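> need a 3D model of the following:
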Amino acid sequence: MRMRSVRLAEPPGGAAPEIFAAGGGMAVVRRAVVIGNGCAGAESQCLGLLRALGLADRLTLYRAIRPTGGINKWLHFLPISFHKLVDQFLRRVFCDTRFATVGQVNKLPQYPVHSTGSFGLSSILEADAQKIVTMVHDTFEKEGPALVVACGRDTMPYASSIRCLAPDNVFVIQIQHPRFRLEMFDLVVTPRHDYYALTAKGQQEVPWLLRRWITPQEPPGPNVVVTAGALHQADSAALRFAAADWHAELAPLPKPLVVVNIGGPTRNCKYDVDLAKQLVNSLHNVLKTCGSVRISFSRRTPWQISDLILKEFSTHPKIYIWDGEDPNPHLGHLAWADAFIVTADSISMLSEACSTGKPVYVIGTEHCRWKFSDFHRRLHERRAARPFTGLEDMSDSWSYPPLNDAADVAARVREVLAERGWMLG
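Residues are numbered from 1 along each chain as shown. I've put the predicted structure just below:
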């Protein structure tokens, strides 16, 4: 059912309603709703955009929650709404707690947001399009319109429903390409490599019958903003704070400080322990030109890879390996590193490193395919990244125009809001 937009009565004495205060007759957007999917990388993209828009401390985070337990791990290919219906049916039929849906209550445990500051997130709410629309509707006269930012496949039904139900009260941004029905969103933010499937080479890699479901069908339209990489929270302000926070620990280290970020194999970037052995050999070769080295693993790093790295370097006097227990030094590393070595699987880690303008070396690109290969090719063309061969002099300094995707997208958001008669406040 379509929700009617709110019509504000003329205020007594000609005074402007609160939503138009300081806006010169323009509605002021002072709040945001984030719809996440539980993936830290995806939710960080939403938060990174809101940082660039100045709304990072005025947001509410909702999460699209899939059922878990029992056979639910085999049902993630289903659309999330259908998955929930199947789960409910199975629980009724079998009366088995294995099929119980996680998150039937409204509040979820606090989510550990990896950021430089507090976003005021005391809890996370389960995504419910109707409840979000009702909240925006009931508070519209006082709070004004809301910016809705979502990222990930599971969030798309919620974001599109919210826009359908309250088109005059919200501005909906979907990060990552929905593949079809782009008109269901006010703005779509997607990386350039998502359009690899439209190239002659990309079309050779996907059977014609599958293209509709896994690739964009046409070039970017007027409501699409194309980025070089992934959005993230490591903007210049965040790095300034991190530089101060980590000064005592990182500033005294011998230069050049080389940071190694190790991810893990993915569907489009498959590798095994052999890549870790290659990294070990190459690091040994460049250590003589490094002042100090700091290594971090991601949550996706297989234990076989991390164990090999730890066995080889845990006692080396030049090398520190983050144990995953102490405070995460990631932002400090971005601020203080002189150069980066990053495994090819992580578009997020590479996007963050390439936003610094410092040398970035990539290992493992030969294991990547599909749009990951296109992403690496474009980084190379921008001269933002080079292959890590083990023959480098790590004291060499080179630069390039930093990736600045979040700021570029934020500028476009402001333009489109202004066309609607809204502004950020």
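
> count of neighbours near H83?
With neighbours defined by other C-beta atoms under 10 Å, the count for H83 comes to 18. Backbone N, C-alpha and C define where each C-beta goes, glycine included.

> could you check the pLDDT of it?
On the pLDDT scale, H83 is placed at 70.

> what distance do you get for it to A42?
As judged by C-beta to C-beta, to the nearest Å, H83 and A42 stand 18 Å apart.

> what about M184, neighbour count?
18.

> that one contacts P178, doesn't it?
Yes. When contacts are counted by C-beta atoms under 8 Å, M184 is listed as touching P178 (7.3 Å).

> who touches both of the two?
Listed as contacting both M184 and P178 by C-beta atoms under 8 Å, 6 or more residues apart in numbering are S160.

> and the one helix or strand A406 maps to, how far out from the chain's middle?
Using DSSP states H and E, A406 maps to helix 405-420. Helix 405-420 has its C-alpha centroid displaced from the chain centroid by 18 Å (C-alpha atoms, centre = their mean, to the nearest Å).

> now swap in stretch 249-265 and tell me
Mean-position distance between stretch 249-265 and its chain equals 22 Å (C-alpha atoms, centre = their mean).

> quick one: neighbours of S348, just the number.
22.

> which residues touch it?
G41, S44, G229, A230, H232.

> look up how far A410 lies from the residue lying closest to R414 once chain neighbours are set aside.
Leaving out its chain neighbours, the residue that sits closest to R414 by C-beta to C-beta, 6 or more residues apart in numbering is L424, at 6.4 Å. Distance from L424 to A410, counting by C-beta to C-beta: 9 Å.

> anything in contact with each of the two?
Residues touching both L424 and A410 by C-beta under 8 Å, 6+ apart: L53.

> what about those two, which has more around it?
A410 (23 against 18).

> hang on, the more buried one packs against L53?
Yes. Using C-beta under 8 Å, A410 makes contact with L53 at a distance of 5.0 Å.

> would you say P327 is within a helix?
No. Using DSSP: H, G, I helix; E, B strand; the rest coil, the assignment for P327 is coil, not a helix.

> ok, it - contacts?
Per C-beta under 8 Å, 6+ apart, neighbours of P327: none.

> pLDDT score assigned to it?
Looking at P327, its pLDDT is 91.

> what segments of the stretch 301-425 of the chain are helices?
Ranges of helices in the stretch 301-425 of the chain, per DSSP state H, counting those that start in this stretch, are 303-313, 330-336, 347-354, 370-381, 405-420.

> quick one, which of those is nearest to Q217?
Closest of the helices of the stretch 301-425 of the chain to Q217 is helix 370-381, at 15.3 Å (criterion: C-beta to C-beta).

> any idea how far I262 is from K311?
In this view, I262 and K311 are 14 Å apart by C-beta to C-beta.

> between these two, tell me which one has more neighbours.
Comparing I262 with K311 by other C-beta under 10 Å, the one with more neighbours is I262, at 26 against 10.

> ok, L287 touching E312?
No. Counting by C-beta under 8 Å, L287 does not reach E312; the two are 11.4 Å apart.

> so, low pLDDT: which residues of the protein?
Residue ranges of the chain with pLDDT under 70: 1-25, 75-82, 84, 86-88, 96-123.

> repeat that with 50
1-16, 99-122 (pLDDT under 50).

> centroid residue for it?
The centroid of the chain falls nearest to Q45 when counting by C-alpha atoms, centre = their mean (2.9 Å).

> name the nearest residue to that residue, ignoring sequence neighbours.
For Q45, the spatially nearest residue (C-beta to C-beta, 6+ apart) is L231, at 4.0 Å.

> shouldn't that neighbour be in contact with E43?
No. Here L231 does not reach E43: they are 10.7 Å apart, not a contact under C-beta under 8 Å.

> out of those two, which sits in the more crowded spot?
Higher neighbour count among L231 and E43: L231, with 31 against 26, using other C-beta under 10 Å.

> in contact with that one, which residues?
L231 neighbours (C-beta under 8 Å, 6+ apart): S44, Q45, C46, G48, L49, I175, V189, S351, D405, A406, V409.

> what residue spans form the domains of this structure?
17-65+103-228+407-424, 236-387 (automatic domain parsing).

> the stretch 51-200 of the chain: helices as residue ranges?
Counting by DSSP H, counting those that start in this stretch, the stretch 51-200 of the chain has helices at residues 80-94, 129-138, 140-143, 156-165, 200-205.

> would you enumerate the residues in contact with L391?
Contact analysis of L391 by C-beta under 8 Å, 6+ apart lists N285, V286.

> now with 7 Å?
By C-beta atoms under 7 Å, 6 or more residues apart in numbering, the residues touching L391 are N285.

> also A200?
A200 neighbours (C-beta under 7 Å, 6+ apart): none.

> D154: neighbouring residues, count only.
D154, neighbours per other C-beta under 10 Å, totals 24.

> distance of it from W398?
Distance of D154 to W398, computed by C-beta to C-beta: 40 Å.

> if we can go back for a sec, any idea which of the helices of the stretch 51-200 of the chain is most buried?
Sort those by mean neighbour count, taking mean count of other C-beta atoms under 10 Å, and helix 156-165 sits at the top with a mean of 22.

> report the distance from that one to the chain centre.
20 Å.

> with just CA atoms, put it into CSV.
Provided in CSV are the C-alpha atoms of helix 156-165 (Å, rounded to 0.1, in the frame of the first residue of the first chain):
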residue,chain,number,x,y,z
MET,A,156,17.7,-4.4,-1.7
PRO,A,157,14.1,-5.5,-1.0
TYR,A,158,13.9,-3.4,2.1
ALA,A,159,15.4,-0.3,0.5
SER,A,160,13.2,-0.5,-2.6
SER,A,161,10.1,-1.1,-0.5
ILE,A,162,10.8,1.9,1.7
ARG,A,163,11.1,4.1,-1.3
CYS,A,164,7.9,2.7,-2.8
LEU,A,165,6.0,3.3,0.5
